[in-house]
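**Q** Mind folding the following:
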Amino acid sequence: MGSVKYIIAGLSCLFCLHSASGEDFRVRTDFGVSGGVSYYLGDINPRRQFYSPGISAGLLMKHHFGEHHALRANVTYGQLKGDDMDFKNDFQQQRGLKFETSLVDAHVGYEFHFLPYTSTGRTSSAHTPYIFAGVGYSFIVTSTVRNISSGHVTIPFGVGYKHRFNSNISAGCEWGLRKTFTDEPDGIPNHGIDGSFSTWHNNDWYSFVGIFITFRIFEESFECPAYKQPFGYK
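**A** Model prediction:
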């Protein structure tokens, strides 16, 4: 266990070299829940943000290293839907397709805080905007178009804001986008001019917008080993 503590301390110091000598660092893990809406961009809806939102809900974990950095993991359920009749162009009015899809999205990634943010501290802020990016995987549970059930790699990224109410509870809001490499979230393949399937198809996107609340499940403070200071516990 002692070696594990020093490994954690060393990794944290890599993220905290900008801090003052001898200042103690905090490693904190939060677990929480999220809720909001999900929506999609694709063949039916090529550009309208927040179009036809469905319900989303999820679980999340954030592991903070110092004041500006965190590792994160999320699992989120979302509903996507679209209808050609919501758009006035002649092609979609003639095509008349619609879909509803349920999916489970999971990702791991890195989060950067623009303001110094920890659970407690003399110089830290109680709130901060942040950005995140990572790698993810989505599994389509149901689809009304082609009865699809499949999984796909995604690239998640987005922005958020969070506020620390006390040393145990934080909450915030987040807008996250998912870049996919498939045309299957809406179940509608993009055909070429001659009617055959085109390999140069428009891959679908989807997004989650919502709020979250997290609770501290682990926290430890320590002095960076570079300064040869002993570990301390809260």
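**Q** what ranges do the strands span in this protein?
**A** Counting by DSSP state E, the chain has strands at residues 24-41, 54-65, 69-83, 98-113, 127-143, 151-164, 169-180, 205-223.
**Q** And stretch 51-70, end to end?
**A** With C-alpha to C-alpha, to the nearest Å applied, stretch 51-70 spans 31 Å between its terminal residues.
**Q** Can you pull out the low-pLDDT segments for the protein?
**A** In the predicted model, the chain carries pLDDT under 70 at residues 1-25, 119-124, 143, 145-149, 189-202, 221-234.
**Q** Spatially central residue for it, please.
**A** residue 176 (5.4 Å; C-alpha atoms, centre = their mean).
**Q** and that residue, what is it in contact with?
**A** Listed by C-beta atoms under 8 Å, 6 or more residues apart in numbering, the contact set of residue 176 reads 132, 156-158, 160, 207-209. C-betas here are computed from N, CA, C, even on glycine.
**Q** The closest residue to it other than its chain neighbours: how many residues sit nearby?
**A** Nearest in space to residue 176, with sequence neighbours left out and distances taken as C-beta to C-beta, 6 or more residues apart in numbering, is residue 158 at 3.4 Å. Residue 158 has 19 neighbouring residues, counting by other C-beta atoms under 10 Å.
**Q** is residue 158 in a bridge, and if so with what?
**A** On the basis of DSSP bridges, residue 158 is bridged to residue 132, residue 176.
**Q** Count the residues that sit near the closest residue to residue 179 other than its chain neighbours.
**A** Leaving aside its chain neighbours, residue 179 sits nearest to residue 155 (4.2 Å; criterion: C-beta to C-beta, 6+ apart). Counted with other C-beta under 10 Å, residues neighbouring residue 155 total 16.
**Q** What of residue 37?
**A** Using other C-beta under 10 Å, the number of residues around residue 37 comes to 16.
**Q** Now it: closest residue in space that isn't a chain neighbour?
**A** In space, residue 37 is closest to residue 53, 3.7 Å off (C-beta to C-beta, 6+ apart).
**Q** cool, and residue 113?
**A** If the residues on either side of it in the chain are set aside, residue 113 comes closest to residue 128, at 4.4 Å by C-beta to C-beta, 6+ apart.
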